[in-house]
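Novice: A predicted structure for the sequence below; I have some questions about it.
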Amino acid sequence: AQERYASIRDTDCISACGTRIGLHMNAGLMADLPSLHGSGAEGVGLFRTELQFLIRNKMPRRTELVQLYSRVLDAAEDRRVVFRTLDIGSDKVLPYMKPIDEPNPALGWRAIRVGLDKPGVLRMQLQALLRAANGRPLAVMFPFIAQYEEFLAAREEVSKAVAREERLGHTLPEKLEIGAMLETPSLGFASQKLFDEVDFLSVGGNDLKQFFFAADRENELVRRRYDTLNASFLSFLERIVERCETSGTPLSFCGEDAGRPIEALVLAAMGFRMLSMRPASIGPVKSLMMRTRLDDLRGVIDRAIADGEQTVRPAVMDYLRELT
Ligand code: PEP
Ligand code: MG
């Protein structure tokens with residue numbers, strides 16, 4: 001499939017109306033790294049660090065993590081890599097950690113909640129990231145931040161790790177970005193301070209949609225019940241885009257929907273300027289994006305919402321069919 005899009009691999013993704021959309025890839029395993037070159041990704045918008053923890057039968061050591069993360073940064077060369085700190089709990093259970101019995105794991109003790117309550121592993125991971133960067137730029141992103149104070153506490157862990165590395169005489173990253181995933185509706189309504197202080201935000205659409213509609217992303221009975229192009233959900237995303245524009249906060253979308261061409265078009269039309277997706281989706285998304293006027297598409301979306309449509313999908317499909 002990548003051969004089909006080889007001719008546009010090194011072309012910037014610019015829509016037919018001249019808007020540049022950054023297309024990045026999601027990764028997590030060393031096996032994903034060759035795709036950095038093959039897919040035409042501008043960088044890694046989401047590196048799921050928990051995958052390295054999930055494929056082992058014991059907790060990795062810091063030195064091992066330093067090696068892994070350096071290999072990722074080496075492979076990326078000058079492309080930006082966003083490392084998401086450990087996102088475990090819910091569906092992702094480490095075989096070597098004591099299982100906890102929770103009535104609703106998806107709403108339970110997971111991701112940054114574990115990281116802040118039991119900071120040992122998070123601290124080790126932050127040290128490993130700083131050391132792996134070894135002077136190169138570093139972007140760290142915290143999963144499942146539900147309120148401003150959680151971001152502050154997580155950022156404080158980074159500051160402490162930086163101070164420690166400095167004391168030990170290690171080289172600090174030339175640039176350090178600290179961002180948060182927006183995966184709970186609450187964060188979309190967080191204080192302006194959050195939007196002002198994060199270096200970037202990334203919408204984790206898989207979780208955000210699950211919590212927006214209260215529909216389990218793992219449950220086949222309800223998983224596909226609500227459309228990502230649902231008018232209420234798009235209105236919420238619009239609000240997030242506007243808040244980020246006001247505060248000048250770089251915003252991306254890194255859930256699976258970013259890799260679905262129609263969804264990707266709509267996200268771009270709604271104002272997302274950076275999408276992160278599985279590598280194989282970059283070609284198809286770019287190809288369609290380059291043929292579409294996002295400004296016209298936005299008009300179509302706004303009209304469908306104003307007309308009270310439950311989902312804008314039929315209107316978007318009609319519009320695209322007329323073009324071809
Ligand atoms: C998301 O929730 O959209 C996301 C990117 O994170 P994950 O799929 O790993 O939960
Ligand atoms: Mg998530």
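Specialist: Good, I have the coordinates. Ligands and ions are numbered 1, 2, ... in the order given.

Novice: Give me the nearest residue to Met124, chain neighbours excluded.
Specialist: Excluding its sequence neighbours, the residue lying closest to Met124 (C-beta to C-beta, 6 or more residues apart in numbering) is Arg62, at 5.0 Å. Bear in mind the C-beta positions are built from the backbone N, C-alpha and C, glycine included.

Novice: now Val121
Specialist: Nearest to Val121 is Leu86, by C-beta to C-beta, 6+ apart, at 6.2 Å.

Novice: now Met25
Specialist: Ala41 (3.8 Å).

Novice: Any idea how many residues pack against the one you found?
Specialist: Neighbour count of Ala41, defined by other C-beta atoms under 10 Å: 23.

Novice: before we move on, what about Leu251?
Specialist: Leu251 has 23 nearby residues by other C-beta under 10 Å.

Novice: So it sits against Met274, correct?
Specialist: Yes - the criterion here is C-beta atoms under 8 Å, and Leu251 meets it with Met274 at 7.2 Å.

Novice: Name the residues of the longest helix anywhere in the chain that are buried.
Specialist: If you go by DSSP state H, the chain has its longest helix at helix 148-167. Applying a neighbour-count criterion of 16 or more other C-beta atoms under 10 Å, one finds 148, 150-151, 153-155, 157-158, 161-162, 165 buried in helix 148-167.

Novice: can I get those residues in CSV with distance to Pro185?
Specialist: Below are the buried residues of helix 148-167 laid out as CSV (distance: C-beta to C-beta, whole Å):
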residue, distance to Pro185
Tyr148, 14
Glu150, 15
Phe151, 16
Ala153, 20
Ala154, 19
Arg155, 22
Glu157, 25
Val158, 25
Ala161, 30
Val162, 31
Glu165, 36
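
Novice: Using CSV, please lay out those residues together with pLDDT and distance to ligand 1.
Specialist: Listed next are the buried residues of helix 148-167 as CSV, based on pLDDT from 0 to 100; distance: C-beta to the nearest ligand atom, whole Å:
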residue, pLDDT, distance to ligand 1
Tyr148, 98, 20
Glu150, 98, 16
Phe151, 98, 17
Ala153, 98, 20
Ala154, 98, 16
Arg155, 98, 20
Glu157, 98, 20
Val158, 98, 20
Ala161, 98, 23
Val162, 98, 26
Glu165, 97, 27
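
Novice: Contact partners for the residue nearest the centre of the chain?
Specialist: Nearest to the mean C-alpha position of the chain, counting by C-alpha atoms, centre = their mean, stands Cys254 at 3.3 Å. Contacts for Cys254 were tallied using C-beta atoms under 8 Å, 6 or more residues apart in numbering; they are 24, 26, 45-46, 181, 202-205, 275-277.

Novice: Which pair in these has the greatest spatial separation?
Specialist: Met181 and Met277 (15.3 Å; C-beta to C-beta).

Novice: My guess is Gln310 contacts Asn230. True?
Specialist: Yes - if you go by C-beta under 8 Å, Gln310 and Asn230 touch, sitting 6.5 Å apart.

Novice: Look up how far ligand 2 lies from Arg48.
Specialist: Using C-beta to the ion, to the nearest Å, Arg48 is found at 9 Å from ligand 2.

Novice: Looking at strand pairing, list the partners for that residue.
Specialist: Using DSSP bridges, the beta-bridge partners of Arg48 come out as Arg84.

Novice: Could you check how many residues crowd around it?
Specialist: Count around Arg48 with other C-beta under 10 Å applied: 21.

Novice: Would you confirm that it contacts Asn26?
Specialist: Yes - using C-beta under 8 Å, Arg48 makes contact with Asn26 at a distance of 7.0 Å.

Novice: Read off the pLDDT value for the residue nearest to Met124.
Specialist: What the model reports as pLDDT for Arg62 is 97.

Novice: Can you give me the separation between the closest residue to Gly308 other than its chain neighbours and Val114?
Specialist: Excluding its sequence neighbours, the residue lying closest to Gly308 (C-beta to C-beta, 6+ apart) is Ala231, at 7.8 Å. Distance, Ala231 to Val114, by C-beta to C-beta, to the nearest Å: 35 Å.

Novice: One more: Gly169?
Specialist: Distance, Gly169 to Val114, by C-beta to C-beta: 31 Å.

Novice: Looking only at neighbour counts, state which of the two leads.
Specialist: Val114 (20 against 6).

Novice: In space, what's closest to the more buried one - neighbours in sequence excluded?
Specialist: Nearest to Val114 is Gly89, by C-beta to C-beta, 6+ apart, at 5.8 Å.

Novice: repeat for Asp196
Specialist: Using C-beta to C-beta, 6+ apart and skipping the chain neighbours, the partner closest in space to Asp196 is Ser247 (5.2 Å).

Novice: could you list every residue that touches the one you found?
Specialist: Per C-beta under 8 Å, 6+ apart, neighbours of Ser247: 192, 195-196.
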